[in-house]
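S.K.: Can you look at this prediction? I've put the sequence above it.
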Amino acid sequence: MSIHPGTAAKTSALDSRPGAPDPKARRRSPTRVNPALYLFPLPAVAITAFFLVMPTLQAFQYAVTDWNGFSAAFNYVGMDNFIRAFTKDSLFTNALTNNLKFVLLVVVAQTVFSLLLALLLTKNSRGSILLRALFFFPTILSSVSVAFIWKFIYDPNFGLANSVLGAVGLESLQGSYLGNNVQALYWVAMTQVWFHAGQMMVVFIAGLQAIPRELYEAAEMDGAGKWQQFKSITWPFVAPATSIVVAYTTVQSFKAFDLILGIAGNPPKASLDILSTRIYSTFANSEFGYAAAQSIIFMAMIALVTWLQRRLLRLTPKGE
Amino acid sequence: MSQISRRQALSVLGAIGFGATAAACAGPGGSTAPGGSAGAVAPSAGNITGKVSFAHWRGEDKVVFDELIKRFAALHQGVEVAQDISTSNDYNAQALQKLRGGSIGDAFATFRGSQFNNFTQAGIYTDLKDSKAASNYQPGLLAAGKSGSSQLGLPYQVVFPMPMANVDLFDKAGADTAPKDWRAFLAMCEKLAASGVIPISWPGGDVGNGGQLFNCMIANNAPVDDMCAQIEQGKLKCTDDWFLKMLGQYKDLVPYLQPNATGTAVEPAQNLFSQGKAAMLATGSYHIAAVRGLGAKFPIELVFPNTSTGGNAKYEGVYNATFILGVNAASKNQAAAAAWIDFLSEPENAAYYANQTAQHVSVDKVDYTNPDLKRLSPWLGKKTALAARFQFQNLDVRNAVEASATAVISGTSPEQAAEAAQKIVDERL
Amino acid sequence: MFSSITRRGILAIYAVIIIVPLTVVGFGSFKSTQELFEGPFSLPQSLSPANYAEVIGGQDLGSSFMNSVIVTAISVPLTLFLASLAGYAVSRLRGFMSWGIFGFLVLGMAIPAQANMVPLYVLFGRLGLLDSLTGLVVANVVSSLPIAVFILGGFMRTLPKELFEASSIDGTGPWRTYVSIALPLSAPSVAAAAIFLFVIHWNELLYPLLFIQSPSHRTLPLALLSFQGEFQTNYPLLFAGVILASLPVVVAYVFLQRYFVAGITAGASKG
């Protein structure tokens, strides 16, 4: 399994990993471990092997067939499914492009915006605490609920967005939102940010609150401006939180399946089709083999993007 | 907690016991479902008892079916019918997977076209050729449920996927509800617009409903009647002149649609119509009940966007025979399921369904008493084309071809839109 | 960095962007479609529960609600139990075994659910788990085990070893140590994980969409999604459904806000 340089490892920044060699433990004389202890992880290991690892491996097996999901007969087609996905299926490449664009949009917008909110709400004043609770709130809703709320906002005839624009005399800005194929993805990205920015804000606040106040006081005495302080104190301290936020947002927006289905219907139109919805459509079209091949590309894509991000973030010097 | 049976719990444990390796050997194939289309057989006979699952997508008909179920249960002791309703989009995408196992859908409905064909290939139907039900239908309307010599399904509804018109608004604007050709149609729209209403409300944000207009637009433009099948097979192309001409006519419609039409969902489109803000609703007669439910009191007529020139059109409208009833070959309760279909197909019960839901049916000798149905009944005798979009077998192809029309309405040139659609069709030849 | 006015301005605008849609949904759930479309921001003319009655009774959201309760009530504790067992073992074992088991279990975090849905669907079909709540429980447990092990295992490892060693010298078996020492000491982490799992299991859509066939086995998110079909995008009904589906999480959020933030943040920073 070469597919996980990403998610499992990406959090090492904040977290000590169990099982990793611990100098203190090594120093101690090894106490005998009760053999019964080996039974404890067994149920978890068994169901993970059976329901997670095995189906994932089988996906590779299916991916080289043209199985339709119901007939007993199928053919081995080698790499044809993969070749088809990349060279002969513009619906798939369209979904891939949309997905990468969506991830990029959401990662940038959500990270910047949630950091901004966190900076504004770092202090534990009563007002800040209340607003934090409010901004966090959308996170607990189901994607389908969020999708419905925003579908109504974006409705061009009766929806909130155009009503508000009309009420303040900005009719010229009224649009058809999801109906505009060029913009639709941006509007859904905005919904995704509304949905999860509060969650990422909390991660940033935790990072910001760990910064000793004295550093700012010292900087102030040295006559450093606010921007200078942000650059030389705040940013280095929130860098670990940033890598967490970026990594999590990436995976989350790759999988925005529920939101897209809720907001765009099933199947979504081409301008809102992303990888997970395309895989689902292929599956629903009874092309099981081809859907499995698409899944593998999807997995590889997530791994690749996560890996690239780690490389990029590591390049950011910590204590500039 | 009754849903979690012990048997299932045991099967999980048992499966874990066997270990991952054993199961990993089992590759694709080896399905649990009945396979192949090696000829459907009649539903098995037996006692009409037990629970029948009736799978369909018409949530708005639930109450009417409930009443029919009550009447059906009164005739046969110990029989129960439960409705398993999905939305039409989900039904289109998932019904095949769901019904194959036989856990739901002893009796079921299918869409005409690709879904019917997929079901046929998967061997889900039984043959209703010799059923009591089949003899009750108008023979001409049974074709959509035929495969070879077998009558696999019975198309229950006749719908007219044409724009509905608010006759009051038409009268006020002095517009004619029966334009003879495209120029007359546009002139009619112009009159409506001049009278201060939106001529056409079109749910362009909804693939399923927005695409109904396609049926009208293509009917008189295409050189053959099986144009969509031929597009899918590559014999006709979206880049052909006749198709481009149709897209050009879509472009003519833009000034007469509500603003931002491509982002409009169904319900808002219906509301524009029912509130009297729009003179037409470009979906179909299947929305009459919904529109009445939203408070529309005005008389409703159907209008055919006649795309021909000079008034010698081949067709005066479009219709669709759909909601194809079938009995599931995987069902363990075929006798009762078949009896339920027989019951629905009796003229008296079909009439109840029709009048309550404002849908015409293909059952013969039905007495329409619903005022809307009465008003629209002349359409049953007109020269109408069978709705073309259901010829598509592949949903990706259908969506791509229909999306070309939506693209034109949102400003893409017909040529570009056609090329984009044709590219996707070509990839799936 | 920001002047007080800019700061207040930004916060106020965003607060409005959060509050207004939620208010419209709340008001809208009591309106008729006509009323909603004519004045989305206005107060409902009456607090008639007609829409709620319709979604609970007519659209059978009541039974979907029960299904969601059943599935969540089983899958959350089950995941916690299996994950804490594994996490405990991982924290006590040493060297390769500890590392290997942990690595194997958290590997799943890298596998998106859409990646193996096709084989999983086939497997569930063979096991008779399609269209059953049992199947949903299994799918939920499997998909969230990795993250739960990560959270719980990570925490348990920080517990002082001396506690465990003392008890094993006393001759107490690992089970007793797990129940009476490891679990109580991990309570904060278990609570955080529980909330995290609660929210994701309650809101899970993909597995029900994939596996559930009969409407009587639908969970809430799936039932909600089925509300909007070709023939019915009835916003007031949808809104009543949205409110109903969110109610348990919202109530829990009001009372357990601190754990929510801790839990979902733990999920994020570890997932």
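M.R.: Happy to help now that I have it. All values reported here derive from a predicted model rather than from experimental measurement.
S.K.: Please identify which helix or strand holds B:Leu68.
M.R.: Mapping B:Leu68 onto the secondary structure by DSSP states H and E places it in helix B:62-75.
S.K.: Tell me if C:Leu145 really is in a strand.
M.R.: No - inclusion of C:Leu145 in a strand is not indicated when DSSP: H, G, I helix; E, B strand; the rest coil is applied; the result is helix.
S.K.: Which pLDDT value belongs to it?
M.R.: Reading off the confidence values, C:Leu145 has pLDDT 93.
S.K.: the strands in the stretch 101-250 of chain B, which residues?
M.R.: All strands of the stretch 101-250 of chain B, identified by DSSP state E, counting those that start in this stretch, fall at B:107-110, B:146-147, B:150-151, B:154-159, B:164-166, B:198-201.
S.K.: how about TSV for those, with mean pLDDT, distance to B:Met217 and mean neighbour count added?
M.R.: Where you see a C-beta, it was placed from the backbone N, CA and C, and this is true even at glycine. Supplementary listing: the strands of the stretch 101-250 of chain B in TSV, determined by pLDDT from 0 to 100; distance: least, Cβ to Cβ, whole Å; neighbours: other Cβ atoms under 10 Å in any protein chain shown:
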stretch	mean pLDDT	distance to B:Met217	mean neighbour count
strand B:107-110	94	25	27
strand B:146-147	88	27	16
strand B:150-151	92	32	20
strand B:154-159	93	17	25
strand B:164-166	96	16	26
strand B:198-201	96	12	26
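S.K.: would TSV of these with distance to C:Thr265 be doable?
M.R.: Below are those laid out as TSV (distance: least, Cβ to Cβ, whole Å):
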stretch	distance to C:Thr265
strand B:107-110	47
strand B:146-147	57
strand B:150-151	60
strand B:154-159	52
strand B:164-166	52
strand B:198-201	46
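S.K.: what would those look like in CSV with distance to chain A?
M.R.: Supplementary listing: the strands of the stretch 101-250 of chain B in CSV, determined by distance: least, Cβ to the nearest Cβ, whole Å:
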stretch, distance to chain A
strand B:107-110, 15
strand B:146-147, 17
strand B:150-151, 19
strand B:154-159, 21
strand B:164-166, 17
strand B:198-201, 9
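S.K.: Show me the one of the ones you listed that comes nearest C:Phe102.
M.R.: Between C:Phe102 and the strands of the stretch 101-250 of chain B, the shortest separation by Cβ to Cβ is 48.2 Å, and it involves strand B:107-110.
S.K.: And for that closest one, what's in contact with it?
M.R.: For strand B:107-110, the external contacting residues (Cβ atoms under 8 Å, 6 or more residues apart in numbering or on different chains) are B:52-58, B:81, B:95, B:99, B:116, B:119, B:153, B:156, B:323-328, B:331, B:337-338, B:340-341.
S.K.: from the chain's centre, how far out does that strand sit?
M.R.: On the basis of Cα atoms, centre = their mean, to the nearest Å, strand B:107-110 sits 12 Å off its chain's mean C-alpha point.
S.K.: can you check stretch B:360-367 too?
M.R.: The gap between where stretch B:360-367 is centred and where its chain is centred comes out at 18 Å by Cα atoms, centre = their mean.
S.K.: Likewise for stretch A:279-292?
M.R.: Its chain's average C-alpha position is 23 Å from that of stretch A:279-292, according to Cα atoms, centre = their mean.
S.K.: can you check stretch C:177-193 too?
M.R.: On Cα atoms, centre = their mean, the centre of stretch C:177-193 falls 20 Å from that of its chain.
S.K.: Residue ranges in the stretch 51-200 of chain A under the pLDDT threshold?
M.R.: Counting by pLDDT under 70, the low-confidence segments of the stretch 51-200 of chain A come to A:70-71.
S.K.: make that the stretch 101-250 of chain B, sorry
M.R.: For the stretch 101-250 of chain B, the stretches flagged by pLDDT under 70 are B:103.
S.K.: now the helices for the stretch 1-150 of chain C?
M.R.: Along the stretch 1-150 of chain C, counting by DSSP state H, counting those that start in this stretch, helices occupy C:4-28, C:33-38, C:50-53, C:61-92, C:95-106, C:117-127, C:133-156.
S.K.: Need the per-residue pLDDT for the residue of chain C found nearest chain A.
M.R.: With Cβ to the nearest Cβ as the measure, C:Ala110 is the residue of chain C nearest to chain A, at 3.3 Å. The model reports C:Ala110 with a pLDDT of 76.
S.K.: next one: B:Asn312
M.R.: Reading off the per-residue confidence, B:Asn312 sits at a pLDDT of 79.
S.K.: Reformat the helices of the stretch 1-150 of chain C as JSON lines; add mean neighbour count and distance to B:Ser410.
M.R.: JSON lines is the format used below for those (neighbours: other Cβ atoms under 10 Å in any protein chain shown; distance: least, Cβ to Cβ, whole Å):
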{"stretch": "helix C:4-28", "mean neighbour count": "15", "distance to B:Ser410": "26"}
{"stretch": "helix C:33-38", "mean neighbour count": "19", "distance to B:Ser410": "23"}
{"stretch": "helix C:50-53", "mean neighbour count": "18", "distance to B:Ser410": "33"}
{"stretch": "helix C:61-92", "mean neighbour count": "23", "distance to B:Ser410": "36"}
{"stretch": "helix C:95-106", "mean neighbour count": "20", "distance to B:Ser410": "46"}
{"stretch": "helix C:117-127", "mean neighbour count": "23", "distance to B:Ser410": "33"}
{"stretch": "helix C:133-156", "mean neighbour count": "26", "distance to B:Ser410": "39"}
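S.K.: and the residue of the stretch 301-429 of chain B found nearest chain A, what does it touch?
M.R.: Distances from the stretch 301-429 of chain B to chain A, computed as Cβ to the nearest Cβ, single out B:Glu427 as the nearest residue at 5.1 Å. Applying Cβ under 8 Å, 6+ apart to B:Glu427 gives the contacts A:88-91.
S.K.: Cool, thanks, signing off.
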